[in-house]
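Colleague: Sequence and predicted structure below; questions after.
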Amino acid sequence: LALVYPSRDAPWLATLRSELRTLSEACAWQYCVAVHCLTAGELPEPCPEGVRPLSEAAREKLQELCGAEDLEDATEPSELAETAAKHFLAAAEAAASAQEVRWPDAALKGEATASNAMHRDRVARWLADRLDEIAVRVSRNGFQVMDLAARPPTSADALFHRVSFFNHCCA
């Protein structure tokens with residue numbers, strides 16, 4: 001579903017990874033994978049450098065993975081998610097340069113997007129919630145893999161669908 005090479009991070013994502021590591025060395029990678037697991041309808045336009053939309057078929061597979069039940073009592077997004085959302089939106093704004101960012105319809109629930117500044121806070125909260133939901137699935141179903149064909153061999157964080165069902169244990 002996702003394969004993220006830290007050595008190939010776009011500059012904004014490398015900065016995000018570094019900041020997330022100061023918050024949690026163990027969990028930072030989950031949010032770096034999560035930003036790669038958003039569909040076209042969940043991404044702003046323009047999209048931050050280095051991020052491509054997840055297909056709807058892959059999104060369905062992502063939703064089948066366990067982990068979301070861990071968030072049932074969460075009322076606020078985590079600090080990791082808020083940090084990831086902040087960097088993600090800043091990267092989208094940087095990619096837009098002089099033009100306005102078109103925020104994801106999923107975040108605004110059909111509201112008019114006339115005032116970008118007014119909607120930014122709502123989008124940031126929505127995105128943080130979404131990244132928390134994805135990251136918890138990544139935490140339960142993610143793997144570190146090695147690309148031995150690359151020179152030098154390179155590690156990557158990966159999220160698989162079927163493999164995940166056979167390589168972890170749910171409570």
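Modeller: Looks like it arrived, so ask away.
Colleague: contacting residues for the closest residue to T15 other than its chain neighbours?
Modeller: The shortest distance from T15 to any non-neighbouring residue, by Cβ to Cβ, 6 or more residues apart in numbering, is to H87 (6.7 Å). Glycine gets a C-beta too; all of them are placed from N, C-alpha and C. Counting by Cβ atoms under 8 Å, 6 or more residues apart in numbering, H87 makes contact with 12-13, 15-16, 19.
Colleague: For R21, which three-state class applies?
Modeller: Here R21 is recorded as helix under DSSP: H, G, I helix; E, B strand; the rest coil.
Colleague: what's around it, how many residues?
Modeller: If you count neighbours by other Cβ atoms under 10 Å, R21 ends up with 14.
Colleague: what sits against it?
Modeller: Contacts of R21 (Cβ under 8 Å, 6+ apart): A28.
Colleague: what about 10 Å?
Modeller: By Cβ atoms under 10 Å, 6 or more residues apart in numbering, the contact list for R21 reads 27-29, 32.
Colleague: Ok, A91 next?
Modeller: A91 makes contact with 10-13, 15-16, 35, 44, 46-51 under the criterion Cβ under 10 Å, 6+ apart.
Colleague: Now the buried members of those.
Modeller: Using 16 or more other Cβ atoms under 10 Å as the burial test, the contacts of A91 include 12-13, 16, 35, 44, 46-48, 50-51 as buried.
Colleague: Could you tell me which of the residues you listed belong to helices?
Modeller: Mapping the buried ones among the contacts of A91 onto helices (DSSP state H) picks out 12-13, 16.
Colleague: Please name the nearest non-neighbouring residue to the most centrally placed residue in the chain.
Modeller: Residue closest to the average C-alpha location in the chain (Cα atoms, centre = their mean): V35, at 1.8 Å. Closest residue in space to V35, ignoring its immediate chain neighbours: F88 at 5.6 Å, by Cβ to Cβ, 6+ apart.
Colleague: In the protein, where's the longest helix?
Modeller: As assigned by DSSP H, the longest helix anywhere in the chain is helix 116-141.
Colleague: Which secondary structure elements does that one sit against?
Modeller: Under the contact criterion of 3 or more Cβ pairs under 10 Å, 6 or more residues apart in numbering; DSSP states H and E, helix 116-141 touches strand 2-4, helix 28-34, helix 56-64, helix 79-96, helix 105-108, strand 154-159, helix 162-166.
Colleague: Which one of these lies nearest to I134?
Modeller: Of all the helices and strands packed on helix 116-141, helix 28-34 sits nearest to I134, with 3.9 Å by Cβ to Cβ.
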